[in-house]
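Undergrad: kindly return the folded structure for what I paste below:
(one chain, ligands or ions: 1)
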Amino acid sequence: MAKKLANTHVESLLKAFEIHQQKNRAMSYVTNVASFDAQTVAPKNKDAVNERAEAMGYFALEDFKHNNSENYDKLLTDLEAAYDDLSPEMQRIVYLERKNIEKLKKIDPKDYQDYAILLSQAQVAWENAKAANDFAAYAPFLERILTYTRKFTQLTKTVNGPLYNQLLDDYEEGSTIEKLDQFFASLKDRIVPLLKKIQQSKVNIRNDFMSRSFPKHEQLAYAKDLLTFLGYDLDRGALSESVHPFTSEISPNDVRVTTRIYENNFVSNIYSTAHEGGHGIYEQNLDKKVKGTLLGHGAAMSIHESQSRFYENVISRSKTFTHVVFPDLKKKFPNQFKDVTEKEFYQAINEVQTSFIRVEADELTYSLHIMVRYELEKQLIAGTLKVNDLPQAWNQLYTEYLGITPKTNAEGCLQDVHWSGGAFGYFPSYALGNAISIQLLKTMEKDLSLEETINRKNLTPIREWFAEKIYRFGKFYPPFVLLKKVTKEDLNPTYYCDYLETKFSEIYDL
Ligand SMILES: [Zn+2]
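TA: Below you'll find the model as predicted:
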């Protein structure tokens with residue numbers, strides 16, 4: 001009898017929780033659509049931007065009040081009291097929600113709303129400043145975002161050490177400056193000498209055909225075929241164009257991706273598409289136990305990025321993949337590829353070229369771009385680097401790590417969207433993702449051969465392997481716990497460095 005009563009009690013709590021989440025889902029649906037729209041087709045005129053900012057600010061405040069209410073707090077307390085009767089998924093949700101609302105409680109709702117409005121305006125200010133190469137126009141926005149970030153982080157801090165530790169932990173539970181300094185040092189030790197050897201290599205890579213003209217609409221059609229081949233489901237998603245490619249989980253069965261199309265740089269589209277496709281495939285393959293719940297997203301940025309990198313680099317930049325898709329590419333673009341061999345194509349898509357733009361970076365130098373941002377963020381948050389000195393500091397680090405100096409701020413510190421979105425602490429996840437993608441590959445290869453699978457022109461076994469080991473859990477496990485569960489090891493960047501050495505030694509005949 002007591003058990004039955006307890007069950008009824010838990011059921012009614014779960015029902016109340018579900019009603020609460022319904023409103024969250026509806027609000028996040030609307031704001032996700034608006035944000036997707038803002039980054040793709042919405043007009044950029046000042047009035048329209050302010051109208052959208054006001055609407056987004058309203059929803060941010062509604063969201064804040066809804067999740068920071070006494071009722072919800074009480075409901076969570078009741079669920080915590082019934083913890084043992086909850087499913088493991090629900091236990092994790094209650095844990096994460098408690099963590100979240102304890103943070104919200106410390107923030108003034110007015111600040112929260114003002115911050116959301118600021119971010120909405122900063123997005124456009126950044127786009128305009130980048131187009132006009134005008135850092136001074138953007139600097140006040142960045143300054144204000146940093147002030148809010150420091151204030152919020154100070155108020156909600158739960159981990160030890162500098163403020164930046166908290167921001168790192170927000171993205172990757174368990175990350176600290178100490179651990180990341182070590183991680184980046186181990187990458188630097190192997191990548192920088194390898195880069196120097198490559199720069200002295202006598203191998204000449206032909207790349208003249210890479211800037212040939214490919215009509216936009218044909219590129220877009222190709223991108224859709226590529227997404228389907230990789231395993232992304234276009235029936236439960238869509239492909240659009242944007243300045244900065246991204247993936248948006250509008251709702252569980254509407255996971256959209258974007259790409260960037262340049263007529264004279266067709267590979268930019270191919271690899272943006274493969275990258276976002278990897279993110280999309282992850283979100284589309286969650287188990288129904290977590291789908292649509294608060295666990296219904298990727299485990300963390302690093303694990304997400306390991307998937308986008310896997311589809312972009314490990315698969316789409318591999319020799320086997322080139323072998324499989326090149327004949328088809330040649331058929332679709334006969335004029336552009338008429339005098340190009342498969343080997344030339346493979347070498348060209350893997351050419352190591354130090355460049356200014358992170359998103360266009362080759363597989364080898366990518367993590368060096370991240371190191372620059374990591375060093376600068378650390379200082380911006382600590383306040384040891386002033387916003388006005390950012391362009392100069394940026395250029396100095398590019399000279400030090402990559403041996404090149406940006407000539408404009410548009411190709412320097414104005415290139416990324418992250419900081420104008422308040423995302424400090426996010427960049428390291430990209431480099432972690434690179435390393436994790438190869439650690440996962442090593443484990444995957446115990447079960448299936450990547451080469452044979454790609455050769456069979458059916459990538460389903462790869463998607464299924466990831467679904468079984470990673471995707472289905474959503475946010476159930478913290479990232480490094482999941483990594484260890486799958487690979488039986490802690491993060492180990494050696495695999496990634498070995499992979500780079502083997503691949504590029506072959507290409508550059510080292
Ligand atoms: Zn990504």
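
Undergrad: now do stretch 335-348: distance from first to last residue.
TA: Start and end residues of stretch 335-348 are separated by 17 Å (CA to CA, to the nearest Å).

Undergrad: swap in stretch 103-117?
TA: Note: stretch 103-117 ends 20 Å apart using CA to CA.

Undergrad: and for that stretch, what are the contacting residues?
TA: Contact partners of stretch 103-117, identified using CB atoms under 8 Å, 6 or more residues apart in numbering, comprise 53-54, 56-61, 64-65, 67-68, 73, 148, 151-152, 155-156, 422. All C-beta atoms are positioned from the backbone trio N, CA, C, and that covers glycine.

Undergrad: please redo it, this time with the cut-off set to 10 Å
TA: Residues outside stretch 103-117 that contact it (CB atoms under 10 Å, 6 or more residues apart in numbering): 31, 50, 53-65, 67-69, 72-73, 144-145, 147-149, 151-158, 170, 422.

Undergrad: inside helices: which ones of these?
TA: 31, 50, 53-65, 67, 72-73, 144-145, 147-149, 151-156, 170 (DSSP state H).

Undergrad: give me the domain ranges for the chain.
TA: Domain assignment for the chain by automatic domain parsing gives 2-156, 177-507.

Undergrad: quick one: the shortest one to chain centroid distance?
TA: The one in question is domain 2-156. In this view, domain 2-156 has its centroid 19 Å away from the chain centroid, taken as CA atoms, centre = their mean, to the nearest Å.

Undergrad: do stretch 463-480 as well
TA: On CA atoms, centre = their mean, the centre of stretch 463-480 falls 16 Å from the chain's centre.

Undergrad: next, the buried residues of that stretch.
TA: Buried positions in stretch 463-480, judged by neighbour count with 16 or more other CB atoms under 10 Å: 463, 465-467, 469-480.

Undergrad: ends of it, what's the gap?
TA: By CA to CA, the extent of stretch 463-480 from end to end equals 21 Å.

Undergrad: now stretch 126-142
TA: One end of stretch 126-142 sits 9 Å from the other (CA to CA).

Undergrad: what helix or strand does residue 258 sit in?
TA: Using DSSP states H and E, residue 258 maps to strand 254-259.

Undergrad: what's that strand packed up against?
TA: helix 2-39, helix 216-230, strand 239-241, strand 247-251, helix 266-284 (3 or more CB pairs under 10 Å, 6 or more residues apart in numbering; DSSP states H and E).

Undergrad: tell me the helix or strand right after the last one.
TA: Tracing the chain past helix 266-284, the next element assigned as helix or strand by DSSP H and E is helix 301-309.

Undergrad: centre of the chain to that next one, how far?
TA: Between the centre of helix 301-309 and the centre of its chain there are 7 Å (CA atoms, centre = their mean).

Undergrad: likewise stretch 314-332?
TA: 25 Å.

Undergrad: next: stretch 293-311.
TA: Relative to the chain's own centre, stretch 293-311 is displaced by 8 Å; criterion: CA atoms, centre = their mean.

Undergrad: residue ranges in the stretch 301-450 of the chain under the pLDDT threshold?
TA: Scanning the stretch 301-450 of the chain for pLDDT under 70 picks out no residues.

Undergrad: quick revisit: now the domains of the chain in CSV, with distance to residue 166?
TA: As requested, those are exported to CSV (distance: least, CB to CB, whole Å):
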stretch, distance to residue 166
domain 2-156, 5
domain 177-507, 8
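
Undergrad: quick one, which of those is nearest to residue 165?
TA: Nearest of the domains of the chain to residue 165, taken as CB to CB: domain 177-507 at 5.8 Å.

Undergrad: all strands for the stretch 351-500 of the chain, in order.
TA: Taking DSSP state E, counting those that start in this stretch, the stretch 351-500 of the chain contains no strands at all.

Undergrad: so residue 217 is in contact with residue 224, correct?
TA: No. If you go by CB atoms under 10 Å, residue 217 and residue 224 don't touch, sitting 11.0 Å apart.

Undergrad: okay, these two: which has more neighbours?
TA: When neighbours are counted by other CB atoms under 10 Å, residue 217 and residue 224 differ, and residue 224 comes out ahead with 15 against 9.

Undergrad: not counting its neighbours along the chain, what's nearest residue 59?
TA: Leaving aside its sequence neighbours, residue 59 sits nearest to residue 31 (CB to CB, 6 or more residues apart in numbering; 5.1 Å).

Undergrad: from residue 475, how far off is that neighbour?
TA: As defined by CB to CB, to the nearest Å, residue 31 lies at a distance of 19 Å from residue 475.

Undergrad: if anything else comes up later, I'll come back, but that's it for now.
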